[in-house]
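**Q** generate a structure from the sequence data that follows.
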Amino acid sequence: MSTWVLLRGLTRESGHWGHFPELLRERLPGARIVALDLPGNGRLNQARSPARIEATMEDCRRQLLALGVEPPWHLLAMSLGAMVAVDWAAMHPQELAGCVLINTSLRPFSPWYRRLRPANYGTLLGLLFARQAARGREQTILRLTSRHLQPDAAVIEDWTALREARPVSPSNALRQLLAAARYRAPVQAPAVPLLMLGSARDALVDVRCSRRLARQWGVELVEHPTAGHDLPLDDGPWLAEQVGRWAARAGA
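**A** Residues are numbered from 1 along each chain as shown. Below you'll find the predicted structure:
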(Lines give C-alpha, C1' and ligand atoms only; values in the text may rest on other atoms or scores of the structure.)
Protein backbone atom coordinates (compact mmCIF):
# COMPACT_ATOMS: atom_id res chain seq x y z
CA MET A 1 0.00 0.00 0.00
CA SER A 2 1.39 3.41 -0.94
CA THR A 3 1.15 6.20 1.63
CA TRP A 4 0.57 9.83 0.64
CA VAL A 5 1.31 12.44 3.29
CA LEU A 6 -0.37 15.84 2.86
CA LEU A 7 1.26 19.02 4.23
CA ARG A 8 -0.41 22.44 4.19
CA GLY A 9 1.10 25.92 4.31
CA LEU A 10 1.49 28.91 6.61
CA THR A 11 -0.92 28.75 9.62
CA ARG A 12 -3.20 26.28 7.79
CA GLU A 13 -4.11 22.83 9.01
CA SER A 14 -5.19 19.41 7.81
CA GLY A 15 -8.83 20.50 7.91
CA HIS A 16 -8.14 23.08 5.19
CA TRP A 17 -7.71 20.31 2.62
CA GLY A 18 -11.51 20.10 2.57
CA HIS A 19 -12.74 17.39 0.19
CA PHE A 20 -9.42 17.01 -1.59
CA PRO A 21 -8.28 13.83 0.25
CA GLU A 22 -11.41 12.06 -1.06
CA LEU A 23 -10.65 13.23 -4.59
CA LEU A 24 -7.10 11.94 -4.24
CA ARG A 25 -8.30 8.54 -2.99
CA GLU A 26 -10.42 8.21 -6.11
CA ARG A 27 -7.35 8.79 -8.28
CA LEU A 28 -5.06 6.57 -6.17
CA PRO A 29 -7.12 3.47 -5.34
CA GLY A 30 -5.80 1.61 -2.34
CA ALA A 31 -3.51 4.41 -1.20
CA ARG A 32 -3.36 5.47 2.43
CA ILE A 33 -3.86 9.26 2.78
CA VAL A 34 -2.43 10.91 5.91
CA ALA A 35 -2.91 14.65 6.46
CA LEU A 36 -0.43 15.98 9.03
CA ASP A 37 -0.52 19.26 10.93
CA LEU A 38 2.64 21.32 11.15
CA PRO A 39 3.52 22.11 14.79
CA GLY A 40 1.55 25.15 15.94
CA ASN A 41 -1.34 24.47 13.56
CA GLY A 42 -4.53 22.41 13.73
CA ARG A 43 -4.49 19.67 16.35
CA LEU A 44 -1.01 20.87 17.33
CA ASN A 45 -1.99 24.51 17.79
CA GLN A 46 -0.82 24.50 21.41
CA ALA A 47 2.69 23.46 20.36
CA ARG A 48 5.40 26.02 19.62
CA SER A 49 6.08 26.39 15.90
CA PRO A 50 9.77 25.92 15.13
CA ALA A 51 11.57 28.91 13.66
CA ARG A 52 13.40 26.63 11.23
CA ILE A 53 12.06 24.41 8.48
CA GLU A 54 14.48 21.67 9.46
CA ALA A 55 12.87 21.33 12.91
CA THR A 56 9.38 21.32 11.42
CA MET A 57 10.41 18.53 9.06
CA GLU A 58 11.78 16.42 11.91
CA ASP A 59 8.55 16.92 13.85
CA CYS A 60 6.53 15.62 10.88
CA ARG A 61 8.77 12.57 10.63
CA ARG A 62 8.16 11.83 14.32
CA GLN A 63 4.41 12.17 13.82
CA LEU A 64 4.39 9.56 11.07
CA LEU A 65 6.53 7.12 13.04
CA ALA A 66 4.28 7.58 16.09
CA LEU A 67 1.29 6.70 13.90
CA GLY A 68 3.04 3.50 12.88
CA VAL A 69 3.11 4.51 9.22
CA GLU A 70 6.22 2.96 7.70
CA PRO A 71 8.24 4.50 4.85
CA PRO A 72 8.66 4.96 1.98
CA TRP A 73 6.18 7.83 1.82
CA HIS A 74 4.93 10.13 -0.92
CA LEU A 75 4.64 13.78 0.08
CA LEU A 76 2.08 16.15 -1.42
CA ALA A 77 2.75 19.59 -0.03
CA MET A 78 1.96 23.21 -0.76
CA SER A 79 3.61 26.53 0.02
CA LEU A 80 5.34 26.33 3.45
CA GLY A 81 4.58 22.62 3.55
CA ALA A 82 6.46 22.21 0.27
CA MET A 83 9.56 23.73 1.90
CA VAL A 84 9.25 21.04 4.56
CA ALA A 85 8.96 18.42 1.81
CA VAL A 86 12.07 19.73 0.04
CA ASP A 87 14.11 19.58 3.23
CA TRP A 88 12.79 16.08 3.91
CA ALA A 89 13.80 14.94 0.44
CA ALA A 90 17.25 16.50 0.84
CA MET A 91 17.96 15.09 4.30
CA HIS A 92 16.17 11.71 4.21
CA PRO A 93 15.71 10.72 0.56
CA GLN A 94 15.61 7.02 1.44
CA GLU A 95 12.30 7.59 3.24
CA LEU A 96 10.48 9.08 0.26
CA ALA A 97 9.06 7.53 -2.89
CA GLY A 98 8.26 10.94 -4.41
CA CYS A 99 7.21 14.54 -3.76
CA VAL A 100 4.57 16.76 -5.35
CA LEU A 101 5.34 20.43 -4.64
CA ILE A 102 2.53 23.00 -5.04
CA ASN A 103 3.03 26.77 -5.33
CA THR A 104 6.25 26.95 -3.36
CA SER A 105 9.09 29.48 -3.41
CA LEU A 106 12.64 28.91 -2.29
CA ARG A 107 15.85 30.71 -1.65
CA PRO A 108 18.25 31.08 -3.42
CA PHE A 109 16.29 30.75 -6.65
CA SER A 110 13.78 33.60 -6.42
CA PRO A 111 13.95 37.16 -5.04
CA TRP A 112 11.98 38.11 -1.95
CA TYR A 113 9.45 40.23 -3.85
CA ARG A 114 8.34 37.19 -5.85
CA ARG A 115 8.41 34.70 -2.99
CA LEU A 116 5.73 36.76 -1.21
CA ARG A 117 4.20 39.57 -3.24
CA PRO A 118 4.78 42.95 -1.46
CA ALA A 119 1.23 44.12 -2.21
CA ASN A 120 0.05 41.64 0.43
CA TYR A 121 2.37 42.59 3.29
CA GLY A 122 -0.06 45.01 4.92
CA THR A 123 -2.92 42.56 4.68
CA LEU A 124 -0.85 39.75 6.16
CA LEU A 125 0.27 41.92 9.08
CA GLY A 126 -3.36 42.84 9.67
CA LEU A 127 -4.26 39.16 9.83
CA LEU A 128 -1.59 38.66 12.47
CA PHE A 129 -2.24 41.61 14.75
CA ALA A 130 -5.50 43.40 13.95
CA ARG A 131 -8.59 42.67 16.03
CA GLN A 132 -10.97 41.08 13.57
CA ALA A 133 -13.67 38.44 13.80
CA ALA A 134 -12.77 34.94 12.67
CA ARG A 135 -15.14 35.07 9.72
CA GLY A 136 -13.65 38.35 8.45
CA ARG A 137 -10.13 36.94 8.69
CA GLU A 138 -11.10 33.88 6.69
CA GLN A 139 -12.76 36.00 4.02
CA THR A 140 -9.51 37.96 3.71
CA ILE A 141 -7.52 34.74 3.36
CA LEU A 142 -9.94 33.48 0.71
CA ARG A 143 -9.48 36.71 -1.24
CA LEU A 144 -5.69 36.27 -1.12
CA THR A 145 -5.57 32.59 -1.98
CA SER A 146 -8.47 31.86 -4.35
CA ARG A 147 -9.25 33.02 -7.87
CA HIS A 148 -12.37 30.91 -8.27
CA LEU A 149 -14.43 31.47 -5.11
CA GLN A 150 -16.30 34.53 -3.85
CA PRO A 151 -15.98 35.94 -0.28
CA ASP A 152 -19.36 34.46 0.65
CA ALA A 153 -18.41 30.94 -0.48
CA ALA A 154 -19.68 28.08 1.68
CA VAL A 155 -16.09 27.14 2.59
CA ILE A 156 -15.92 30.25 4.80
CA GLU A 157 -18.20 28.57 7.33
CA ASP A 158 -15.85 25.59 7.56
CA TRP A 159 -12.75 27.75 7.82
CA THR A 160 -14.31 29.96 10.49
CA ALA A 161 -15.17 26.89 12.57
CA LEU A 162 -11.59 25.63 12.25
CA ARG A 163 -10.16 28.99 13.36
CA GLU A 164 -12.48 29.19 16.35
CA ALA A 165 -11.78 25.59 17.40
CA ARG A 166 -7.99 25.56 16.82
CA PRO A 167 -6.65 29.13 16.48
CA VAL A 168 -3.02 29.71 15.51
CA SER A 169 -1.30 32.20 17.81
CA PRO A 170 0.34 35.33 16.34
CA SER A 171 3.69 34.21 17.78
CA ASN A 172 3.44 30.84 16.03
CA ALA A 173 2.48 32.54 12.76
CA LEU A 174 5.54 34.79 13.05
CA ARG A 175 7.83 31.83 13.72
CA GLN A 176 6.46 30.07 10.64
CA LEU A 177 7.13 33.19 8.56
CA LEU A 178 10.65 33.36 9.97
CA ALA A 179 11.25 29.70 9.16
CA ALA A 180 10.13 30.27 5.56
CA ALA A 181 12.33 33.36 5.20
CA ARG A 182 15.38 31.58 6.62
CA TYR A 183 15.16 28.35 4.68
CA ARG A 184 17.66 27.85 1.87
CA ALA A 185 17.06 24.94 -0.48
CA PRO A 186 19.84 22.80 -1.98
CA VAL A 187 21.17 24.00 -5.32
CA GLN A 188 20.86 20.51 -6.78
CA ALA A 189 17.55 18.66 -6.84
CA PRO A 190 17.08 16.06 -4.09
CA ALA A 191 17.46 12.45 -5.18
CA VAL A 192 13.70 11.83 -5.05
CA PRO A 193 11.14 11.81 -7.93
CA LEU A 194 9.60 15.28 -8.06
CA LEU A 195 6.59 16.93 -9.68
CA MET A 196 5.93 20.65 -9.44
CA LEU A 197 2.50 22.22 -9.82
CA GLY A 198 1.87 25.96 -10.06
CA SER A 199 -1.05 28.34 -10.32
CA ALA A 200 -0.61 30.91 -13.06
CA ARG A 201 -2.86 33.42 -11.25
CA ASP A 202 -1.40 32.99 -7.77
CA ALA A 203 -1.78 36.38 -6.08
CA LEU A 204 0.30 35.46 -3.04
CA VAL A 205 3.41 33.76 -4.48
CA ASP A 206 4.55 34.60 -7.99
CA VAL A 207 4.33 31.51 -10.22
CA ARG A 208 7.73 32.47 -11.62
CA CYS A 209 9.17 31.01 -8.40
CA SER A 210 7.95 27.56 -9.45
CA ARG A 211 9.15 28.11 -13.00
CA ARG A 212 12.62 29.11 -11.87
CA LEU A 213 12.94 26.17 -9.52
CA ALA A 214 11.73 23.70 -12.15
CA ARG A 215 14.39 24.97 -14.59
CA GLN A 216 17.12 24.82 -11.98
CA TRP A 217 16.31 21.30 -10.91
CA GLY A 218 15.21 19.94 -14.30
CA VAL A 219 11.82 18.98 -12.87
CA GLU A 220 8.47 18.76 -14.66
CA LEU A 221 6.17 21.71 -13.93
CA VAL A 222 2.46 21.70 -14.76
CA GLU A 223 0.58 25.00 -14.42
CA HIS A 224 -3.09 25.58 -13.83
CA PRO A 225 -4.09 28.56 -16.00
CA THR A 226 -6.68 30.18 -13.72
CA ALA A 227 -6.29 28.94 -10.14
CA GLY A 228 -4.97 30.94 -7.20
CA HIS A 229 -2.54 29.99 -4.44
CA ASP A 230 -4.89 27.46 -2.85
CA LEU A 231 -4.91 25.09 -5.81
CA PRO A 232 -6.65 22.21 -3.94
CA LEU A 233 -9.50 24.61 -3.18
CA ASP A 234 -9.79 26.23 -6.60
CA ASP A 235 -9.58 23.01 -8.62
CA GLY A 236 -9.19 19.89 -6.52
CA PRO A 237 -10.24 17.51 -9.34
CA TRP A 238 -7.54 18.93 -11.64
CA LEU A 239 -4.91 18.59 -8.92
CA ALA A 240 -5.91 15.00 -8.15
CA GLU A 241 -5.81 14.20 -11.87
CA GLN A 242 -2.28 15.56 -12.26
CA VAL A 243 -1.07 13.63 -9.22
CA GLY A 244 -2.72 10.44 -10.45
CA ARG A 245 -1.14 10.74 -13.90
CA TRP A 246 2.30 11.40 -12.48
CA ALA A 247 2.02 8.54 -9.97
CA ALA A 248 1.01 6.16 -12.77
CA ARG A 249 4.00 7.20 -14.89
CA ALA A 250 6.31 6.85 -11.88
CA GLY A 251 4.94 3.42 -11.04
CA ALA A 252 3.56 4.59 -7.69
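
**Q** tell me the SS of Cys99?
**A** strand (DSSP: H, G, I helix; E, B strand; the rest coil).

**Q** measure it to Arg182 for me?
**A** For Cys99, the distance to Arg182 equals 21 Å [CB to CB, to the nearest Å]. In short, each C-beta sits where N, CA and C put it, glycine included.

**Q** and the two? Which one has more around it.
**A** Cys99 (25 against 13; other CB atoms under 10 Å).

**Q** could you find the closest non-adjacent residue to Gly81?
**A** Leu7 (3.1 Å; CB to CB, 6 or more residues apart in numbering).

**Q** ok, that neighbour touching Trp73?
**A** No: applying CB atoms under 8 Å as the test, Leu7 and Trp73 come out as separate, 10.9 Å apart.

**Q** those two: which is more packed in?
**A** Using other CB under 10 Å as the criterion, Leu7 and Trp73 rank with Leu7 on top: 29 against 22.

**Q** partner residues bridging that one?
**A** Taking DSSP bridges as the rule, Leu7 bridges to Ala77.

**Q** per-residue pLDDT of it, please?
**A** pLDDT, Leu7: 98.

**Q** got the buried residues for the helix or strand containing Ala90?
**A** Assigned by DSSP states H and E, Ala90 falls within helix 80-91. By neighbour count with 16 or more other CB atoms under 10 Å, helix 80-91 contains the buried residues 80-90.

**Q** now do stretch 52-59
**A** For stretch 52-59, by 16+ other CB under 10 Å, it's 53-59.

**Q** please, where are all the helices along the stretch 101-250 of the chain?
**A** 112-115, 121-129, 134-145, 155-165, 170-182, 208-217, 231-250 (DSSP state H, counting those that start in this stretch).

**Q** quick one, what contacts the residue nearest to Gly81?
**A** 36, 38, 60, 75-78, 81-82, 84-85 (CB atoms under 8 Å, 6 or more residues apart in numbering).

**Q** possible to save these as CSV with distance to Leu174 and pLDDT?
**A** Below are the contacts of Leu7 laid out as CSV (distance: CB to CB, whole Å; pLDDT from 0 to 100):
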residue, distance to Leu174, pLDDT
Leu36, 21, 98
Leu38, 14, 98
Cys60, 20, 97
Leu75, 25, 98
Leu76, 26, 98
Ala77, 21, 98
Met78, 20, 96
Gly81, 18, 97
Ala82, 20, 96
Val84, 17, 98
Ala85, 22, 98
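
**Q** noted, bye for now.
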